[in-house]
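Asker: here is the input, now give the coordinates:
(one chain, ligands or ions: 3)
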Amino acid sequence: MASSHIILPPDDDEEEQRRREDEEEDEDPWARSVLPPLAPEQAMKAAAPFSATCVRISRDSYPNLRALRDASSVSLSDAAYVKISEGDFGYILDDVPHLIDYVPDAPTYPNPLQDHPAYSTVRQYFVNEDDTVPQKMVVQKNSRRGVHFRRAGPRQRVYFESDEVKACIVTCGGLCPGLNTVIRELVCGLSHMYNVNKIYGIQNGYKGFYSSNYLTLTPKSVDDIHKRGGTILGTSRGGHDTKKIVDNIQDRGINQVYIIGGDGTQKGAYEIYKEIRKRGLKVSVAGVPKTIDNDIAIIDKSFGFDTAVEEAQRAIDSAHVEACSAENGIGLVKLMGRYSGFIAMYATLASRDVDCCLIPESPFYMDGEGGLLQYIEKRLKENKHMVIVVAEGAGQDLIAKSLSTSEQQDASGNKLLLDIGLWLTHKIKDYFKSKNVEMTIKYIDPTYMIRAIPSNASDNVYCTLLSHSAIHGAMAGYSSTVGMVNGRHTYIPFYRVTSTRNKVNITDRMWARLLSSTNQPSFISPKDIDVAKETDRIANKPPLPTGINYHVANSLDQSASSSTNGGI
Ligand SMILES: Nc1ncnc2c1ncn2[C@@H]1O[C@H](COP(=O)(O)OP(=O)(O)O)[C@@H](O)[C@H]1O
Ligand SMILES: O=P(O)(O)OC[C@H]1O[C@](O)(COP(=O)(O)O)[C@@H](O)[C@@H]1O
Ligand SMILES: [Mg+2]
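Answerer: Numbers count the residues shown, from 1 in each chain. Ligands and ions are numbered 1, 2, ... in the order given. You can find the predicted model right below:
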């Protein structure tokens, strides 16, 4: 496959001079992009695992970099870490960093799996270095091949000897079913597949790197933890002090860091990686994305999500029973989902007993024609009972307005939510009281119950595969987040999973299915739909703009590059 790596320009005088000129012309900070710490020869080596041709980006390419930034939300400081390659027919590899990007002489060793009695029998067990997975599956005849991620899995050669590995595992952020399974599978996978026996658990999230003892983990000590909810390591919000964390990694000789957590955690993992790289340490950083809200970008689905949706059914069933057993009974269930309403949407679709689902992505209003109260009244008249599911992040603007409270944050900087369930309960009660209509409302808040349980069978298997991908990647010298993309396991650059958030798209067919199953009003005007479509169009813009010159030998033909969706 013909491909080329984009390497930002080295810091030589001539370039410097040109950059200064550019600065004067153009105040866009991207044009003054920080230069990478790599010399071109090192960069060439860095590309070696992908057998690519490295190409320096010249001054002429700055506009392209700016466009890349605009299209994929790459921040200025990320520029030096982005590894983009191009191939035939619009193929783009959004690659992940590798140890030899900055430790060019790191030795390699044969993968011990080849002598493993179970794995050595697998035909084609090792992943081909050139294997990549497309981000978008649906294409047209003339589509460009679009963005790809490196396929996860065991490599023929690894960058660590088994004896040399000192691994640590940390869990951060809120709970999620499956955390213990991931911990277990990381410990057992490292031990059973790669004969690693120095594995440590960091207690209570990021701050545990510098404030607590490290726990020794063995396959025996984690043997049955997957049957328990929560995390045996403990977790926390806040406390990410990059310098202190990396000081401890360095002092204790840790060379593989496994970080399980959500979007905030993956941002933290990226900071740790950058500091490790700055110090030239031979350390792999592997992020395993965790989020009960399913709001991490790029990946198909987060582990624990299915378990959470399943558990939510029990609350909805109870709400339904309560509602059916009363005159004008309403069952109201609040589910998690700070910014994204996936749990509420899937739990509603699965249940079929829900008459209205409210999520943060779809603003609603209470009073007047087409409002929530009018709909509830109509539904009770028709059916004598109803069930409402609300995601905790929905309607926050309405509560804030009526209570005139100021926004508060948790230790990680996440917005602290006001209780939409309680607020709705009072509003609904007041409404019917003012109309002299008898009714009963039962508010069920199972939010913490659905994330504190152990993962179900399919999430357990998913956790195992994610953990194995993380181990294979770290052993092979990659630093990245692992994730399933279109059903295949991949290594995704940290910046890609943290630069945007996965949200329910209220202009796609899934939300329409929900509306048709509940019969609730959409609460949006045609004008709002146009705005949502436009937002969606912008969000789905290809990460690389069309028709740009990336110094690729086999550049794209004009017709392909002018396709409206950028060929992705
Ligand atoms: N931008 C960031 N840079 C570095 N660390 C971060 C960042 N955002 C969050 N973190 C750290 O990641 C950890 C978990 O973040 P949090 O948002 O609470 O949960 P989650 O990872 O589940 O989203 C916390 O310890 C927090 O300090
Ligand atoms: O655990 P806390 O601090 O009460 O926060 C609750 C939040 O945690 C979540 O369950 C998950 O959030 P994270 O992915 O950031 O961990 C949200 O749905 C919810 O809003
Ligand atoms: Mg989060």
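Asker: use CA for all of it now, contacts and neighbours both
Answerer: OK.
Asker: what residues of stretch 502-516 count as buried?
Answerer: By neighbour count on 16 or more other Cα atoms under 10 Å, the buried set for stretch 502-516 is N502, K503, V504, N505, I506, W511, L514, L515.
Asker: give me every residue that touches the first one.
Answerer: Read it as N502. Neighbour list for N502: N294, D295, I296, A297, I298, S340 [criterion: Cα atoms under 8 Å, 6 or more residues apart in numbering].
Asker: which residue of the protein lies farthest from its centroid?
Answerer: Distance from the centre of the chain peaks at N436, with 48.2 Å (Cα atoms, centre = their mean).
Asker: now that one: how far from K378?
Answerer: Per Cα to Cα, to the nearest Å, N436 is found 15 Å from K378.
Asker: ligand 3 contacts on this protein?
Answerer: Applying Cα under 5 Å from the ion, we find that the chain lies next to ligand 3 at G262, D263.
Asker: span of stretch 449-465 from start to end?
Answerer: Across stretch 449-465, the terminal residues are separated by 26 Å (Cα to Cα).
Asker: got it, and stretch 238-256?
Answerer: 22 Å.
Asker: how many neighbours does L373 have?
Answerer: When neighbours are defined as other Cα atoms under 10 Å, L373 has 19 of them.
Asker: report the distance from the helix or strand containing it to the chain centre.
Answerer: Taking DSSP states H and E as the criterion, L373 maps to helix 372-383. Chain-centre distance of helix 372-383: 38 Å, with Cα atoms, centre = their mean, to the nearest Å.
Asker: what residues does the stretch 101-250 of the chain put near ligand 2?
Answerer: G173, G174 (Cα under 6 Å from any ligand atom).
Asker: who does F303 form a beta bridge with?
Answerer: K290 (DSSP bridges).
Asker: and it, what pLDDT?
Answerer: Turning to F303, the model gives it a pLDDT of 97.
Asker: quick one: contacts for it?
Answerer: By Cα under 8 Å, 6+ apart, the neighbours of F303 are P177, G178, K290, T291, I292, D459, Y462, C463.
Asker: among these, which ones are in helices?
Answerer: D459, Y462, C463 (DSSP state H).
Asker: out of those, who's the most crowded?
Answerer: Highest neighbour count within the ones in helices among the contacts of F303, by other Cα under 10 Å: C463, with 27 neighbours.
Asker: surely that one touches T181?
Answerer: Yes. C463 is in contact with T181 according to Cα atoms under 8 Å; the separation is 6.3 Å.
Asker: and the next helix or strand past whichever strand or helix holds Y443?
Answerer: Element membership for Y443 (DSSP H and E) is strand 440-444. Going down the chain from strand 440-444, the next helix or strand is helix 447-451, by DSSP H and E.
Asker: how far away from the center of its chain is that following helix?
Answerer: Counting by Cα atoms, centre = their mean, helix 447-451 is centred 20 Å from the centre of its parent chain.
Asker: check whether it contacts ligand 2.
Answerer: No. Shown here: helix 447-451 not in contact with ligand 2 (Cα under 6 Å from any ligand atom), separated by at least 7.0 Å.
Asker: pull the CA atoms of the strand or helix carrying Y495 into PDB?
Answerer: Under the criterion of DSSP H and E, Y495 resides in helix 494-498. Extracted in PDB, the C-alpha atoms of helix 494-498 (Å, rounded to 0.1, in the frame of the first residue of the first chain):
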ATOM      1  CA  PHE A 494      -6.200   9.700  22.200                       C
ATOM      2  CA  TYR A 495      -7.000  13.000  20.700                       C
ATOM      3  CA  ARG A 496      -9.600  11.400  18.500                       C
ATOM      4  CA  VAL A 497     -11.700   9.900  21.300                       C
ATOM      5  CA  THR A 498     -11.500  13.100  23.400                       C
END
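Asker: helices and strands around it, which ones?
Answerer: helix 263-278, strand 480-485 (3 or more Cα pairs under 8 Å, 6 or more residues apart in numbering; DSSP states H and E).
Asker: rebuild those as JSON lines, extending it with distance to ligand 2.
Answerer: Listed next are the helices and strands packed on helix 494-498 as JSON lines, based on distance: least, Cα to the nearest ligand atom, whole Å:
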{"stretch": "helix 263-278", "distance to ligand 2": "7"}
{"stretch": "strand 480-485", "distance to ligand 2": "15"}
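Asker: most neighbours per residue, which of those?
Answerer: Highest mean neighbour count among the helices and strands packed on helix 494-498 (mean count of other Cα atoms under 10 Å): strand 480-485, with a mean of 28.
Asker: that one vs helix 263-278, what angle?
Answerer: Going by axes from the mean of the first three to the mean of the last three Cα atoms, to 10 degrees, strand 480-485 is angled at 140 degrees with respect to helix 263-278.
Asker: show the average pLDDT along strand 480-485.
Answerer: Here the average pLDDT along strand 480-485 is 98.
Asker: neighbours around whichever residue of the stretch 101-250 of the chain sits closest to ligand 2, how many?
Answerer: Per Cα to the nearest ligand atom, the residue of the stretch 101-250 of the chain with the smallest distance to ligand 2 is G174, at 3.3 Å. Neighbour count for G174, taken as other Cα under 10 Å: 17.
Asker: try S221
Answerer: Using other Cα under 10 Å, S221 has 11 neighbouring residues.
Asker: one more: S318?
Answerer: Per other Cα under 10 Å, the neighbour tally for S318 reads 17.
Asker: helix, strand, or coil at it?
Answerer: Secondary structure for S318, judged by DSSP: H, G, I helix; E, B strand; the rest coil, is helix.
Asker: kindly report the same for the one 4 residues further on.
Answerer: When the structure is reduced to helix, strand and coil (three-state DSSP), E322 reads as helix.
Asker: returning to that earlier point: how close does the residue farthest from the centre of the chain get to K429?
Answerer: In terms of Cα to Cα, N436 sits 10 Å off from K429.
Asker: now swap in Q250 and tell me
Answerer: Distance, Q250 to K429, using Cα to Cα: 59 Å.
Asker: okay, now the unreliable bits of this protein?
Answerer: 1-77, 525-529, 538-568 (pLDDT under 70).
Asker: try it again at 80.
Answerer: Where the chain drops to pLDDT under 80, the residues are 1-80, 119-124, 404-406, 524-568.
Asker: confirm that T348 sits in a helix.
Answerer: Yes. Checked against three-state DSSP, T348 lies within a helix.
Asker: count of neighbours near the closest residue to it other than its chain neighbours?
Answerer: Computed as Cα to Cα, 6 or more residues apart in numbering, the closest residue to T348 that is not its neighbour in sequence is V354, at 5.8 Å. Counted with other Cα under 10 Å, residues neighbouring V354 total 26.
Asker: list the contacts for V354?
Answerer: I316, T348, M386, V387, I388, V389, T518.
Asker: and the strands in the stretch 401-550 of the chain, which stretches?
Answerer: Along the stretch 401-550 of the chain, counting by DSSP state E, counting those that start in this stretch, strands occupy 408-409, 415-416, 440-444, 480-485, 488-492.
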